[in-house]
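A.B. asks: For reference, the sequence and a predicted model appear below.
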Amino acid sequence: MSKYNLRADAAQVIIAVIDKGQSMAQALPKAQSHYSDGRDKGLLAEICYGVMRQLPQLDTQVRRRLQQPLNGKKRIIHGLLLAGLYQLKHTRVAPHAVVAESVNACRTLRAPGMTGLVNGVLRQLDRDLAELKAEQFDADSVQFLHPGWLLKRLQAAYPEQWQQIAQANNAPPPLWLRNNRSQQSREQAVQALSEAGVSARAVEDGDAILLETPCDVTQLPGFDQGALSVQDLSAQQSAHLLPVAPGDRVLDVCAAPGGKTCHLLEHQPLMAEMVAIDLDPKRLARVQQNLDRIGLTATLKAGDASQPEQWWDGQPFDRILLDAPCSATGVIRRNPDAKWLRRDEDIAQLAQVQTEILRAIWPLLKPGGTLLYATCSILPEENCEQIKAFLQETPDAMLSPIHQQDVTTRPGWQRLPEENGGDGFYYARLNKAAQ
């Protein structure tokens, strides 16, 4: 009999995020390592991610059933009840199994005295399930499952669209693939998937393929050989927006995990050199893994993008992709814990970091060259306002419009998250004046 209990592990991950400020990327893999069965790993992930998406409503409904808050050493039991209610409301796990396994988890968590409370609360929640599912909440932050500060920013920036954005953020993300056009056409890729029993379809111009049902991508035909990669539809736009010619020297700034690095190389295998930098050597190792899988070559450097004098060889670049550090408010559906880890004051700090990197990287671009600025944010402070200010202070920077409404007073292209579409992403393309 295993010494681990999946619900106990879920409770520990949930509390690590909401109380201790750990990210899911930190807490979840350690808990998943307790299990060899992929189904157990998947259920654990579903519970933890689901609780992060639904946290305000789950928390409100659990607290109403408690005579007093579960604090201190009992706090882990609150996490267990959140996990239990999520399973009752949003999964097909049998209610009796949810209750029984949660009660067993109390013993794993060394809280046998809490078994009666967990049993009673979960049974009461199950009896009230129809009412709980239908409940509407007065507070927007609870009804739309976002922290108040973020909702205020979305309402200010998108007064007509903020509800749709919130709904898209709360939905499970679609699984997008990028076809490697240097190995096969997108039509050939879709056909190979169909022959393997995988339902998929091509979407928009380019290389994007949407899987109708998420699956283990490592088992897809051609994945190990680099014919397919996982990359969101919106993230794939960088290779289409940054024109790279044979012989160009290209810099990818803040490159990890390397999806855009590889996509640019797939698009233009005759470029002179791809240099990819990232601050974190461990994340840079993921770039190398992706390059190796696909069979591509790039020069990888660990370094601070705001201090290029520490890593730059002095040779300018024809093209630069700057995928700037950001709030990740466009990819909340992939990282729902970010809603509860990010703070309002972080936005100004991130915008300042972006400004510093833009100013530092611009001199590395050749006269006549092109820089593509990108974020996975949907907040104007990090996007159009950032680029507008940079254009005003940089005489040799000129906006290269992506669409008709891309003008200096509101520069760039903002993609918003869509439930069956791409993530939220921002792009602005800048040319440097020729000497």
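C.D. replies: Everything's here; your move. Numbering: from 1, shown residues only.
A.B. asks: buried residues in stretch 364-373?
C.D. replies: Residues Leu364, Leu365, Lys366, Gly369, Thr370, Leu371, Leu372, Tyr373 are the ones in stretch 364-373 that count as buried (16 or more other C-beta atoms under 10 Å). The C-beta positions use only the backbone N, C-alpha and C, and glycine is treated the same way.
A.B. asks: my bad, stretch 311-320
C.D. replies: Applying 16+ other C-beta under 10 Å to stretch 311-320 flags Trp312, Phe317, Asp318, Arg319, Ile320 as buried.
A.B. asks: Put together TSV for these, with secondary structure and distance to Asp278 on each row.
C.D. replies: TSV is the format used below for the buried residues of stretch 311-320 (DSSP: H, G, I helix; E, B strand; the rest coil; distance: C-beta to C-beta, whole Å):
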residue	secondary structure	distance to Asp278
Trp312	coil	14
Phe317	strand	16
Asp318	strand	21
Arg319	strand	18
Ile320	strand	14
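A.B. asks: quick one, domains of the protein?
C.D. replies: Here the domain parsing of the chain from automatic domain parsing is 6-135, 175-230, 237-432.
A.B. asks: Show me which of the buried residues of stretch 311-320 is closest to Gln143.
C.D. replies: Proximity of these to Gln143 was ranked by C-beta to C-beta; the top entry is Ile320 with 42.3 Å.
A.B. asks: Out of the buried residues of stretch 311-320, which comes closest to Leu145?
C.D. replies: Scanning these for proximity to Leu145, where the rule is C-beta to C-beta, the winner is Ile320, at 37.1 Å.
A.B. asks: Give me the pLDDT for that closest one.
C.D. replies: What the model reports for Ile320 is a pLDDT of 98.
A.B. asks: now Gln392
C.D. replies: Model confidence at Gln392, given as pLDDT, is 97.
A.B. asks: Which secondary structure state is assigned to it?
C.D. replies: The assignment at Gln392 comes out as helix when based on DSSP: H, G, I helix; E, B strand; the rest coil.
A.B. asks: Check the gap between it and Asn119 for me.
C.D. replies: The spacing between Gln392 and Asn119, counted by C-beta to C-beta, to the nearest Å, is 63 Å.
A.B. asks: which residues make contact with the longest strand along the chain from outside it?
C.D. replies: For the chain, the strand with the greatest residue count under DSSP state E is strand 365-375. Residues from elsewhere that reach strand 365-375, judged by C-beta atoms under 8 Å, 6 or more residues apart in numbering: 238, 241-243, 260, 316-324, 326, 330, 354, 358, 361-362, 382-383, 386-387, 396, 400, 412, 425-435.
A.B. asks: In helices, which of these fall?
C.D. replies: Judged by DSSP state H, the contacts of strand 365-375 include Ser238, Leu241, Lys260, Gln354, Leu358, Ile361, Gln386, Ile387 as members of helices.
A.B. asks: Nearest spatial neighbour of the fourth one, chain-adjacent residues omitted?
C.D. replies: Once flanking residues are discounted, Gln354 sits nearest to Ala324: 4.6 Å by C-beta to C-beta, 6 or more residues apart in numbering.
A.B. asks: I'd like the ones in helices among the contacts of strand 365-375 as CSV, with neighbour count appended.
C.D. replies: Formatted as CSV, the ones in helices among the contacts of strand 365-375 follow (neighbours: other C-beta atoms under 10 Å):
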residue, neighbour count
Ser238, 22
Leu241, 16
Lys260, 25
Gln354, 25
Leu358, 24
Ile361, 23
Gln386, 27
Ile387, 24
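A.B. asks: which of those residues lies closest to Gln404?
C.D. replies: Using C-beta to C-beta, the shortest approach to Gln404 within those belongs to Leu241, at 15.2 Å.
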